[in-house]
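Student: build me a structure from this.
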Amino acid sequence: MMEKYSGLNVLDLPMNDPDVMELFISTKSLGVSPEDIGSEVGTFGLPEFGTNFVRGMIKESKPKNFTDLLQISGLSHGTDVWLGNAQELIKNSTCTISEVIGTRDSIMVYLMHKGLEPSLAFKIMEITRKGKAKKELTPEMVAEMKAHDVPDWYIDSCFKIQYMFPKAHAAAYVMSALRLGWFKVHMPQVFYSAFLSVAPGGFDAEIVTQGKAHIVRVLREIEGKGKEASQKETDMVATLQMCNEAYARGFVFLKPDLKKSHSFHFQPEGENGIRCPFSSMGGLGEAAAESIYEACRDTDIISIEDLRTKAQISKAVIEILRKNGVLDGLSDTNQLTMFDGDSTFSKRAAEPSPAKDEKKSAKKSDDNDSQNDDTLQLSMF
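Tutor: This next block holds a predicted model:
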């Protein structure tokens with residue numbers, strides 16, 4: 001979707017853009033303050049780097065380059081590698097993010113760099129990454145590491161690890177994050193539109209189209225519920241955070257529109273608009289969204305009755321559309337008055353006839369006949 005909306009090939013994007021790297025340090029490259037978006041870094045929407053947990057890791061570890069991001073990716077996917085392990089080492093200034101054990105491959109490379117035999121370095125890596133160090137890392141292996149100046153904190157860290165992430169997988173995540181980050185910094189309208197099209201994650205047009213203040217209010221309500229929040233509410237938090245960020249950067253989410261919306265894709269519109277698709281309305285299923293899109297794509301919809309007939313949708317779907325303001329301006333039925341839109345004629349038809357003043361003493365039946373003549377209306381089906 002990024003390529004479709006931008007016309008660019010993601011493989012051609014630079015991997016060393018300083019403004020993109022700034023996303024992992026501050027919110028500067030987004031042009032907003034941390035208070036505006038509720039985060040000290042700008043990684044909302046970046047794969048594996050946008051969650052509360054990983055943003056906390058970023059804040060504590062302060063990455064400076066691609067290698068540091070690899071470490072964070074590995075730490076966030078491992079078991080007992082960050083909490084109670086690398087986190088404490090960094091907090092106590094024992095070592096930096098670059099030095100902790102982040103991925104399984106780094107153990108072997110580090111030990112070989114220290115001078116251990118490749119076969120032994122490999123064996124220690126395999127034992128550690130599988131969480132078997134407490135049982136299989138022998139005193140002889142430990143002695144060999146110490147003989148080659150491997151620090152005690154590094155050896156202790158090996159004993160705590162239960163599972164380690166491979167470096168190749170971590171690299172794939174980081175490269176994806178950096179490429180998406182480029183769009184987020186340099187083509188934000190494309191980024192938000194494409195990302196939400198692929199991963200809407202609980203997006204609700206009724207909430208989001210009401211603006212930034214309303215989104216913040218909903219986020220606070222969900223946060224206030226704590227563990228009492230429903231799964232649906234919990235699932236929409238990440239998406240609402242990103243939408244709040246989009247508003248803070250000057251973008252606006254436009255409500256679904258019969259003539260402009262796609263069934264599933266969020267679309268850039270104008271300089272700062274993002275048009276919501278039909279599927280973004282809460283309670284409206286994919287089949288209904290597609291039916292509405294197909295019905296409106298090639299023909300004009302003249303009434304709610306016309307839409308329901310052409311799209312073959314239920315009254316419940318109609319109510320969802322009505323609640324989201326999609327049906328504003330549409331009449332209920334196909335019945336049209338010939339005088340609709342002709343204000344001059346309507347005004348004249350509504351004016352009292354001079355004959356009425358001259359015939360005040362006429363019979364009631366005559367008055368009724370005169371009134372019927374003056375307010376004549378024709379209906380067209």
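Student: shaky segments in the chain?
Tutor: The chain contains residues with pLDDT under 70 at 336-381.
Student: give me the domain ranges for it.
Tutor: Domain assignment for the chain, taken from automatic domain parsing, gives 19-167, 187-333, 337-380.
Student: so Leu240 is in which element?
Tutor: Using DSSP states H and E, the element containing Leu240 is helix 231-248.
Student: just the CA coordinates for that helix, please, in CSV.
Tutor: The C-alpha coordinates for helix 231-248 follow below in CSV (Å, rounded to 0.1, in the frame of the first residue of the first chain):
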residue,chain,number,x,y,z
GLN,A,231,-10.6,-7.0,24.9
LYS,A,232,-12.2,-4.8,22.2
GLU,A,233,-11.1,-1.6,24.1
THR,A,234,-7.6,-3.0,24.7
ASP,A,235,-7.2,-3.9,21.1
MET,A,236,-8.0,-0.4,19.9
VAL,A,237,-5.5,1.4,22.1
ALA,A,238,-2.5,1.2,19.7
THR,A,239,-4.6,2.4,16.8
LEU,A,240,-6.1,5.3,18.8
GLN,A,241,-2.6,6.3,19.9
MET,A,242,-1.4,6.5,16.3
CYS,A,243,-4.6,8.4,15.2
ASN,A,244,-4.0,10.8,18.0
GLU,A,245,-0.5,11.3,16.7
ALA,A,246,-1.8,11.9,13.1
TYR,A,247,-4.2,14.6,14.4
ALA,A,248,-1.3,16.2,16.4
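Student: now distance to Ala177 too, for the domains of the chain, in CSV please.
Tutor: C-beta coordinates here come from the backbone N, C-alpha and C atoms, glycine included. Formatted as CSV, these follow (distance: least, Cβ to Cβ, whole Å):
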stretch, distance to Ala177
domain 19-167, 4
domain 187-333, 12
domain 337-380, 54
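Student: contacts for the strand or helix carrying Lys225, please.
Tutor: Per DSSP H and E, Lys225 falls inside helix 212-225. Helix 212-225 has contacts (Cβ atoms under 8 Å, 6 or more residues apart in numbering) with 38, 207-208, 229, 233-234, 236-237, 240-241, 243-244, 247-248.
Student: quick check, nearest of these to Tyr192?
Tutor: Of all the contacts of helix 212-225, Tyr192 sits closest to Cys243, with 7.9 Å by Cβ to Cβ.
Student: picking that back up, quick one, which of the domains of the chain is nearest to Tyr5?
Tutor: Checked against Cβ to Cβ, the stretch from those lying closest is domain 187-333, at 4.5 Å.
Student: circling back to that earlier point, for the helix holding Leu240, packing partners?
Tutor: Judged by 3 or more Cβ pairs under 8 Å, 6 or more residues apart in numbering; DSSP states H and E, helix 231-248 is in contact with helix 34-37, helix 188-198, helix 205-208, helix 212-225, strand 252-254.
Student: in it, which residues are buried?
Tutor: Buried residues in helix 231-248, counted by 16 or more other Cβ atoms under 10 Å: 233, 236-248.
Student: hang on, the earlier thing: of the domains of the chain, which is nearest Asn9?
Tutor: That would be domain 187-333 among those, by Cβ to Cβ, at 13.4 Å.
Student: quick check: end-to-end length of the closest one?
Tutor: 43 Å (Cα to Cα, to the nearest Å).
Student: hmm, back to that, for Leu13, find the nearest of the domains of the chain.
Tutor: Evaluated over the domains of the chain, closeness to Leu13 peaks at domain 19-167, with 9.0 Å, by Cβ to Cβ.
Student: look up how far Pro277 lies from the closest residue to Ser280 other than its chain neighbours.
Tutor: The shortest distance from Ser280 to any non-neighbouring residue, by Cβ to Cβ, 6 or more residues apart in numbering, is to Ala205 (4.2 Å). Distance, Ala205 to Pro277, by Cβ to Cβ, to the nearest Å: 8 Å.
Student: who touches both of the two?
Tutor: Contacts common to Ala205 and Pro277, judged by Cβ under 8 Å, 6+ apart, are Pro256.
Student: what angle sits between the helix holding Leu240 and helix 188-198?
Tutor: For helix 231-248 against helix 188-198, the angle by axes from the mean of the first three to the mean of the last three Cα atoms, to 10 degrees is 170 degrees.
Student: if we can go back for a sec, relative to Ile107, which of the helices and strands packed on helix 231-248 is closest?
Tutor: The nearest among these, by Cβ to Cβ, is helix 188-198 at 34.7 Å.
Student: check the offset of that closest one from the chain's centre.
Tutor: Once both centres are worked out by Cα atoms, centre = their mean, to the nearest Å, helix 188-198 turns out to sit 8 Å from its chain's centre.
Student: now, among the buried residues of helix 231-248, which is nearest to Ala170?
Tutor: Of the buried residues of helix 231-248, the one sitting nearest to Ala170 (Cβ to Cβ) turns out to be Ala238, at 21.0 Å.
Student: which residues touch that closest one?
Tutor: Phe44, Gly50, Thr51, Gly201.
Student: if we go to 10 Å?
Tutor: Phe44, Gly45, Gly50, Thr51, Asn52, Ala199, Gly201, Gly202 (Cβ atoms under 10 Å, 6 or more residues apart in numbering).
Student: can you say which of these are buried?
Tutor: Phe44, Gly45, Gly50, Gly202.
Student: my read: the second one touches Ser193, true?
Tutor: No - in this structure Gly45 lies outside contact range of Ser193 using Cβ atoms under 10 Å: 11.7 Å.
Student: which residues are common contacts for those two?
Tutor: Residues touching both Gly45 and Ser193 (Cβ under 10 Å, 6+ apart) are Ala246.
Student: before we move on, back to that, the helix holding Lys225 to helix 231-248, inter-axis angle?
Tutor: Using the same axes, to 10 degrees: helix 212-225 against helix 231-248 is 150 degrees.
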